[in-house]
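Asker: when you get a sec, could you give me coordinates for this:
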Amino acid sequence: MPQPISDMHDADTELPVVRTLAERVFHQLQRAIVRGELPPGTRITEPELSTHYGISRGPLREAMRRLETYRLIERVPHVGARVVKLSMDELLELFDVREALESMAARLAAKSMTAEEIAGLREVLAFHERQEDLSSGEAYYQREGDLDFHYRIVQGSHNRMLMTLLCDDLYYLVRLYRTQFSANGSRPQRAFVEHHRIVDAIEAGDAELAELLMRRHVSASRENVAAHYARTLGDEAVHSPETPRIES
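Answerer: As a prediction, this is how the structure comes out:
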C-alpha cells in the first residue's frame, strides 16, 4: 500500500527515508543523474565520489553497482564508469516500450484501483500542483516512488509483471529522460492536465479511455523528448572541439 505523502521523504534532503550509507549515496547519485547535475556521458570515478561524499570505497561501490543495475551508469572499455547516454534510436525504443506498457497499466488500473488508491493519486496531483516549478511553467519534476504519478498508476494495475518492468527494471532510466527532456515550453502544464484526465477515466472505471489517454500522454512526451534531444545533439555538434564555432 502506498505510504502517506508526509512519511515518504526526508524533508531536508528530499530523499526517501533510507537505512544504510550505501543506500543514501545511491539515492543522492541517482537524483543528481536524473536532475541533470551529472549529465549523460559524464565520467565518474570512485576517488572523486569518495571525496565528494566523504565515504569509504565499500559503500560507494555498492551504490555504483546498484546504479549500474538500474542502467543509470555503464562501464565503458578504456573509459571506466560514466552516466548512461542513450542514442536517439535507443531513446525512442525506450519510449515505445513505455507507451505500450503504461497504457496497459492505465487500462488495468481502471479495473483494479481501489477508492483509497485513487484518492492517493489525487493527493499526489494536489502535491504536484503546489510545486513552484510547475506553477511557474518551468518544469514538472516528480520525486520518485509514491510521489511519482506514473509509478502510482503502474502500482494500481496490480499486475506484478508490469510492476517489475516499469517500477524496477526501467524506472530510473525512464525518469532520467522524462525529467531532463520533457520539462520545457508549455509541456509541464499540459502534462499536468493530462494526468488529471487519466485519473478521471480511471475513477470512472473507463478502461478503454484510460488506456487511450495514457497512450496519447506518453506519445506526446516521446515527441517532445525526441525534439529536445535532437536539439541537444545539434548543440553538441556545433560546440564540439572538432567543429568550429560559428560566430554571428
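Asker: just checking, what packs against the longest helix along the chain?
Answerer: As assigned by DSSP state H, the longest helix anywhere in the chain is helix 207-239. On a contact count with 3 or more C-beta pairs under 8 Å, 6 or more residues apart in numbering; DSSP states H and E, helix 207-239 meets helix 88-112, helix 171-182, helix 187-203. For glycine as for every other residue, the C-beta is placed from the backbone atoms N, C-alpha and C.
Asker: now the second one, how far from the chain's geometric center?
Answerer: To tie it back to what came earlier, the one meant is helix 171-182. Its chain's average C-alpha position is 4 Å from that of helix 171-182, according to C-alpha atoms, centre = their mean, to the nearest Å.
Asker: what pLDDT, on average, does it get?
Answerer: Mean pLDDT, helix 171-182: 78.
Asker: who does it touch, helix- and strand-wise?
Answerer: Under the contact criterion of 3+ C-beta pairs under 8 Å, 6+ apart, helix 171-182 touches helix 21-34, helix 88-112, helix 149-156, helix 207-239.
Asker: what angle do the second one and helix 149-156 make?
Answerer: Meaning helix 88-112. Put simply, helix 88-112 runs at 50 degrees to helix 149-156, going by axes from the mean of the first three to the mean of the last three C-alpha atoms, to 10 degrees.
Asker: so who does residue 124 touch?
Answerer: 5, 146-149, 152 (C-beta atoms under 8 Å, 6 or more residues apart in numbering).
Asker: greatest separation within these: which pair is it?
Answerer: 5 and 149 (12.6 Å; C-beta to C-beta).
Asker: show me how this structure divides into domains.
Answerer: What the TED database lists as the domains of the chain is 21-83, 88-236.
Asker: run the chain-centre distance for the last one.
Answerer: Pointing back at domain 88-236 there. Relative to its parent chain, domain 88-236 has a centroid offset of 9 Å by C-alpha atoms, centre = their mean.
Asker: number of nearby residues for residue 228?
Answerer: Using other C-beta atoms under 10 Å, residue 228 is surrounded by 18 other residues.
Asker: now residue 93
Answerer: Applying other C-beta under 10 Å, we find 12 residues neighbouring residue 93.
Asker: and residue 214, by the same measure?
Answerer: Neighbour count for residue 214, taken as other C-beta under 10 Å: 29.
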